[in-house]
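In: model the structure of this input:
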Amino acid sequence: MKSRHWIVPSLAAALGGIGYGVAQNMSSAQMANTTPAAPAVRESLAQAETPGTSDRVSLSYRRKGDENFAEVKVATVEPFGGASAVEHHIAARIAATSEAHIAGETALASKGSDHPAQNGASAFLRKVAAAGDAAASGDQTDAAPAQAPAFETTRLSSRLIDNDEPAWQSRFFADNPLVGGIFQGDGNRSDAQRLIGAAKSARYVLLGETHDNPDHHRLQSDIVSDLADQSTDLALVFEMIPHRLGDAVASFGTSRSSSIDLDSMADRLEWSDRGWPEFSMYRPLFETAKRQGLSVEAGDLDRDVVSAIARNGVSGLSAEERARLSLDGAADPAMIADLGEEVRSAHCGLMPEAAIMPMVDAQRARDGSLAAAMVDAAKTGDKAVLIAGAGHVRDDRGVPSIIKRNDPEAQTLSVRMMEVADEDGDLADYGLTAEAPAPYDFTIFTPRADVDDPCEALRARLKGKAGTASE
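Out: Below is the predicted model:
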């Protein structure tokens with residue numbers, strides 16, 4: 001993989017964004033069954049801090065964000081022979097099972113759960129208890145179960161600051177040396193503390209994602225939570241919400257926010273019908289907005305506007321709309337050519353050439369719509385944060401460049417969450433060099449969520465459309 005990976009947005013972004021309207025116009029639970037902790041272990045837990053209990057194992061487990069327990073004494077079912085050896089096995093088992101359900105619960109509550117028994121100290125205590133029970137029974141196997149990692153208790157940004165090893169949900173190439181690393185555009189290594197500090201100083205923060213990567217949404221949620229801790233006068237602008245559905249999120253940031261039903265939010269936003277990945281990945285952002293009193297704003301163009309641009313170009317828009325979308329001035333020919341090549345590559349060279357420039361116009365219009373929503377949101381608050389595909393947040397020609405023209409005195413920060421391509425750990429292959437810096441202030445590397453060839457899926461889709469049209 002060479003530098004094209006930082007100038008070409010993901011296919012998912014292109015199809016979910018600039019492609020969906022234009023192309024149409026042109027062509028027509030991780031572990032279900034778990035074994036509960038033995039009753040004897042539950043009884044031992046109940047007695048763990050009772051004076052006079054004989055301690056077999058003593059493990060300190062307190063983590064950031066847990067309740068203020070300094071240490072918990074765990075009594076196991078049977079006495080041990082060689083306590084230090086058993087304690088080693090228990091510690092190993094806890095590490096190995098940090099990705100698994102213990103007593104029907106995960107190390108962190110499942111997505112969307114607010115039940116206190118499923119979070120933090122209580123969940124970890126159950127994990128310790130199950131490990132102790134297994135060690136006491138002689139089962140000292142250290143092999144980790146083959147399943148996706150669970151969320152960790154502490155925020156991922158905090159874990160990166162502390163140089164802990166994050167538990168990733170994406171499965172592919174997690175051992176790449178770049179994974180978990182934070183870098184500036186020129187390839188200089190940075191860290192989460194500097195990133196969060198820069199985000200707190202900026203008026204506009206743009207968080208670019210690969211739409212179907214769950215770790216990207218975890219990172220976004222961590223950053224937004226950190227920013228919300230400083231100020232609740234903050235708005236979240238979503239690429240995934242078109243203007244016509246703005247009423248569905250109008251209660252966020254108001255006195256009516258406590259009555260928002262997040263369980264029905266995906267249906268109200270027509271989330272899956274419009275082709276976005278599972279809402280559960282984005283839900284923590286909406287939960288933070290509800291809990292912290294943040295407003296949520298629609299950022300994207302409506303599909304009929306994209307279709308009009310596909311048919312007639314930007315000249316088909318009213319003068320007022322062109323001005324709102326920052327399309328009323330002459331475009332840089334070099335930028336148009338570069339964006340055209342990006343669209344061409346993102347669609348695997350399979351789109352008709354006649355479709356490329358309408359897609360370029362649609363991409364520019366969508367960037368203008370997102371920028372306008374960000375500027376409007378920041379007028380009534382301290383800060384606006386954009387949740388969008390990585391192609392939209394590049395600062396050379398995406399949303400940041402438009403914001404800088406419309407609000408030149410304000411500080412803007414763009415952050416790209418980027419999947420590693422394979423085991424390659426060379427920064428230059430990802431466009432992070434001092435000679436030609438990437439068009440982002442920060443890049444955070446994550447494992448890859450999917451290794452399927454997206455071009456094969458697009459070929460099948462276009463072939464299916466062609467077959468339907470010929471019938």
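In: residue ranges for the strands of the stretch 251-400 of the chain, please.
Out: Per DSSP state E, counting those that start in this stretch, the stretch 251-400 of the chain carries strands over the ranges 295-300, 383-389.
In: tabulate those (CSV), appending mean neighbour count and mean pLDDT.
Out: Where you see a C-beta, it was placed from the backbone N, CA and C, and this is true even at glycine. As requested, the strands of the stretch 251-400 of the chain are exported to CSV (neighbours: other CB atoms under 10 Å; pLDDT from 0 to 100):
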stretch, mean neighbour count, mean pLDDT
strand 295-300, 25, 97
strand 383-389, 27, 97
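In: just send those strands back as a markdown table, with distance to P214 too.
Out: Output for the strands of the stretch 251-400 of the chain, formatted as a markdown table (distance: least, CB to CB, whole Å):
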| stretch | distance to P214 |
| --- | --- |
| strand 295-300 | 20 |
| strand 383-389 | 14 |
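In: how near is the nearest residue to G293 once chain neighbours are set aside to V375?
Out: Nearest-residue entry for G293: T232, 4.7 Å, with adjacent residues in sequence omitted and distances by CB to CB, 6 or more residues apart in numbering. Taking CB to CB, to the nearest Å as the measure, T232 falls 20 Å from V375.
In: buried set for the top helix by length along the chain?
Out: Using DSSP state H to define each element, the chain has its longest helix at helix 353-379. Buried residues in helix 353-379, counted by 16 or more other CB atoms under 10 Å: 355-356, 358-375, 377-378.
In: and what of stretch 191-205?
Out: Across stretch 191-205, burial judged by 16+ other CB under 10 Å covers D191, A192, L195, I196, A198, A199, A202, R203, Y204, V205.
In: same check, this time on stretch 446-466
Out: Under the neighbour-count criterion of 16+ other CB under 10 Å, stretch 446-466 has T446, P447, R448, A449, P454, L458, L462 buried.
In: quick one, helices of the stretch 251-400 of the chain?
Out: For the stretch 251-400 of the chain, helices defined by DSSP state H, counting those that start in this stretch occupy the ranges 265-268, 279-292, 303-312, 319-324, 333-346, 353-379, 399-406.
In: contacts for the last one?
Out: Right, the one you point to is helix 399-406. Contact partners of helix 399-406, identified using CB atoms under 8 Å, 6 or more residues apart in numbering, comprise 204, 206, 326, 367-368, 370-372, 374-375, 386, 388, 392-395, 410, 412, 414.
In: what do you get for the first one?
Out: Defining contact as CB under 8 Å, 6+ apart, one finds that helix 265-268 is touched by L245, A248, V249, W271, S272, F279, R283, F286.
In: surely the last one touches Q292?
Out: In other words, F286. No - counting by CB atoms under 8 Å, F286 stays clear of Q292, with 11.0 Å between them.
In: low pLDDT regions in the stretch 151-300 of the chain?
Out: Scanning the stretch 151-300 of the chain for pLDDT under 70 picks out 151-166.
In: secondary structure element holding M418?
Out: In this structure, M418 sits in strand 412-419 according to DSSP states H and E.
In: pairing partners for that strand, with directions?
Out: Strand 412-419 pairs in its sheet with strand 204-209 (parallel), strand 442-446 (parallel), by DSSP bridges.
In: turn these into TSV, including distance to S259.
Out: As requested, the strands paired with strand 412-419 are exported to TSV (distance: least, CB to CB, whole Å):
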stretch	distance to S259
strand 204-209	27
strand 442-446	35
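In: rewinding a little: just the buried ones among the contacts of helix 265-268, please.
Out: L245, A248, V249, W271, F279, R283, F286.
In: for D222, which of the helices of the stretch 251-400 of the chain is the nearest?
Out: helix 279-292 (9.1 Å; CB to CB).
In: ok, L427 - contacts?
Out: Contacts of L427 were listed using CB under 8 Å, 6+ apart, and they are L178, F183, G187, T433.
In: now A235, what's its secondary structure?
Out: Three-state call for A235 (DSSP: H, G, I helix; E, B strand; the rest coil): strand.
In: that one - nearest residue in space that isn't next to it in sequence?
Out: Take A235 and drop its neighbours on the chain: the residue closest to it by CB to CB, 6+ apart is A377, 3.7 Å away.
In: next one: I336
Out: V360 (6.2 Å).
In: measure the one you found to D263 for me?
Out: For V360, the distance to D263 - CB to CB - is 39 Å.
In: same thing with D186?
Out: Applying CB to CB, the value for D186 to D263 is 44 Å.
In: so what's the residue count around the closest residue to S272 other than its chain neighbours?
Out: Nearest residue to S272, sequence neighbours excluded (CB to CB, 6+ apart): A266, at 6.8 Å. A266: 18 surrounding residues under other CB atoms under 10 Å.
In: what are the structural domain limits within the protein?
Out: With automatic domain parsing as the criterion, the domains of the chain are listed as 4-28+154-470, 39-76+78-136.
In: ok, V420 touching V179?
Out: Yes - using CB under 8 Å, V420 makes contact with V179 at a distance of 6.0 Å.
In: the more surrounded of these two?
Out: Legend: neighbour count by other CB under 10 Å for V420 and V179, higher for V420 (25 against 21).
In: so for F173, which of the helices of the stretch 251-400 of the chain sits nearest?
Out: Among the helices of the stretch 251-400 of the chain, the nearest to F173 by CB to CB is helix 279-292 (19.4 Å).
In: between the closest one and strand 383-389, how big is the angle?
Out: Angle between the axes of helix 279-292 and strand 383-389 is 170 degrees (criterion: axes from the mean of the first three to the mean of the last three CA atoms, to 10 degrees).
In: buried residues, helix 279-292. List them.
Out: Within helix 279-292, the residues that qualify as buried are F279, M281, Y282, R283, P284, L285, F286, E287, T288, A289, K290, Q292, counting by 16+ other CB under 10 Å.
In: dump the residues you listed to a markdown table, plus distance to V305.
Out: Below are the buried residues of helix 279-292 laid out as a markdown table (distance: CB to CB, whole Å):
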| residue | distance to V305 |
| --- | --- |
| F279 | 24 |
| M281 | 26 |
| Y282 | 23 |
| R283 | 27 |
| P284 | 30 |
| L285 | 25 |
| F286 | 25 |
| E287 | 30 |
| T288 | 30 |
| A289 | 26 |
| K290 | 29 |
| Q292 | 32 |
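In: and which of the residues you listed is nearest S259?
Out: Looking across those and measuring by CB to CB, the closest to S259 is K290, at 9.8 Å.
In: ok, now how distant is that closest one from A449?
Out: Relative to A449, and taking CB to CB, K290 is found at 26 Å.
In: same deal with A371?
Out: Here A371 is placed at a distance of 28 Å from A449 (CB to CB).
In: again, but for I196
Out: For I196, the distance to A449 equals 24 Å [CB to CB].
In: low-confidence regions, the stretch 351-471 of the chain specifically.
Out: In the stretch 351-471 of the chain (pLDDT under 70), the answer is 465-471.
In: one step back: generate a markdown table for the buried residues of stretch 191-205, with secondary structure and distance to E239 as supplementary columns.
Out: Listed next are those as a markdown table, based on DSSP: H, G, I helix; E, B strand; the rest coil; distance: CB to CB, whole Å:
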| residue | secondary structure | distance to E239 |
| --- | --- | --- |
| D191 | coil | 27 |
| A192 | helix | 24 |
| L195 | helix | 21 |
| I196 | helix | 22 |
| A198 | helix | 22 |
| A199 | helix | 18 |
| A202 | coil | 19 |
| R203 | coil | 19 |
| Y204 | strand | 14 |
| V205 | strand | 14 |
